[in-house]
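Visitor: Everything below, folded, please.
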Amino acid sequence: DLSQNSLTGPFVFDGPFRSLKGMYASDNGFTGTMPRGLPPNLNELDLSRNQLEGGLVESLCATSSSGSSARTHALQSLKLDGNSKLGGAVDGLFSCYTGFQTISLTSCGLGGSIPSTIGQSTGLVELVLASNDVTGTIPSEMGLLSTLLLTLDVSFNRLNGTI
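Guide: A predicted model of the protein is given here:
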């Protein structure tokens, strides 16, 4: 656990970090883009309250030579709250990977809409997208998650429509 220190610079998964199953490095001063090439056995990643910018979808999705997306990691829990310059579109989070159990992305500068493919994330227990710029409606496919989803927080966005 590297949380609540004064660590700075870009965050990379090199050396001993490549074999970790959990990485907790919140409340530091890490900068730059999200690390690419997540370790294949990494289950939990918490880089909340750092100063990361961009690269979220690129970090989670690998592109094969044919241009199709492929899962390259075992990530189940992703927490990046408070990285206000992270940005990107929520749609992309579920475009290539649906194995999440926990996603917490409060105040990350995210836009876009919640995609209908979220219904394929059948293990999702917690989804927190509060205080971003997410637009559109809550897709009906969210109903497919009703048996497992325990926490849904999409407050302080620009959602509309019916639920």
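Visitor: May I see the buried residues of stretch 99-111?
Guide: F100, Q101, T102, I103, S104, L105, T106, S107, C108, G109, L110 (16 or more other Cβ atoms under 10 Å). Backbone N, C-alpha and C define where each C-beta goes, glycine included.
Visitor: Which strand or helix spans the most centrally placed residue in the chain?
Guide: For the chain, the residue nearest the mean C-alpha position is L78 (4.9 Å; Cα atoms, centre = their mean). Counting by DSSP states H and E, the element that carries L78 is strand 77-79.
Visitor: could you say what helices and strands the following helix or strand past that strand packs with?
Guide: Under the assignment DSSP H and E, the closest C-terminal helix or strand after strand 77-79 is helix 90-93. Applying 3 or more Cβ pairs under 8 Å, 6 or more residues apart in numbering; DSSP states H and E, we find helix 90-93 packed against helix 56-60.
Visitor: how about the closest residue to S113 other than its chain neighbours, phi and psi?
Guide: Once flanking residues are discounted, S113 sits nearest to G136: 3.4 Å by Cβ to Cβ, 6 or more residues apart in numbering. Main-chain torsions, G136, degrees, to the nearest 10: phi 90, psi -160.
Visitor: pLDDT below threshold where in the protein?
Guide: 62-73 (pLDDT under 70).
Visitor: thinking again about what came up before, now do the residue nearest to the centre of the chain against N160, distance only.
Guide: 26 Å (Cβ to Cβ, to the nearest Å).
Visitor: cool, I114 as well?
Guide: 12 Å.
Visitor: I138 too?
Guide: 9 Å.
Visitor: still on that earlier bit, out of the buried residues of stretch 99-111, the closest to L2 would be?
Guide: S104 (17.9 Å; Cβ to Cβ).
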